[in-house]
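Novice: Build me a structure from this.
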Amino acid sequence: MNRDQVKGRINKVIGKVKEVAGKITENKDLEIKGKIQKNVGKSQADFGDLNNDLKKWRLKRT
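Specialist: Predicted structure coming up:
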């Protein structure tokens, strides 16, 4: 697991917590910020996954 995968998954969880907290407290601003952070985290984790897959593929070819 690389740095992008770890940071992305952490951001995804923190974003989900913020999103739920925003819904519970009826704070739309916090809810939106949570959704954004969750999606950024998902993108970062996906990028890390892709990076990891490419690294494995390169090692297989040599």
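Novice: helices or strands up against whatever helix or strand Lys42 lives in?
Specialist: Assigned by DSSP states H and E, Lys42 belongs to helix 28-61. Packing partners of helix 28-61 (3 or more Cβ pairs under 8 Å, 6 or more residues apart in numbering; DSSP states H and E): helix 3-24. In short, each C-beta sits where N, CA and C put it, glycine included.
Novice: For the helix it packs on, which helices and strands make contact with it?
Specialist: In terms of contacts (3+ Cβ pairs under 8 Å, 6+ apart), helix 3-24 is packed against helix 28-61.
Novice: now the helix it packs on: mean pLDDT?
Specialist: Taken as a whole, helix 28-61 has a mean pLDDT of 96.
Novice: so how far is it from its chain's centroid?
Specialist: How far helix 28-61 lies from its chain's middle: 5 Å, per Cα atoms, centre = their mean, to the nearest Å.
Novice: how far off helix 3-24 does it point, in degrees?
Specialist: Helix 28-61 runs at 160 degrees relative to helix 3-24, counting by axes from the mean of the first three to the mean of the last three Cα atoms, to 10 degrees.
Novice: Would you mind listing the buried residues in helix 28-61?
Specialist: By 16 or more other Cβ atoms under 10 Å, the buried positions in helix 28-61 come out as 30-31, 34, 37-38, 41, 44-45, 48.
Novice: From Val17, how far out is the most centrally placed residue in the chain?
Specialist: Geometric centre of the chain, nearest residue: Gly41, 1.9 Å, by Cα atoms, centre = their mean. Gly41 sits 11 Å away from Val17, going by Cβ to Cβ, to the nearest Å.
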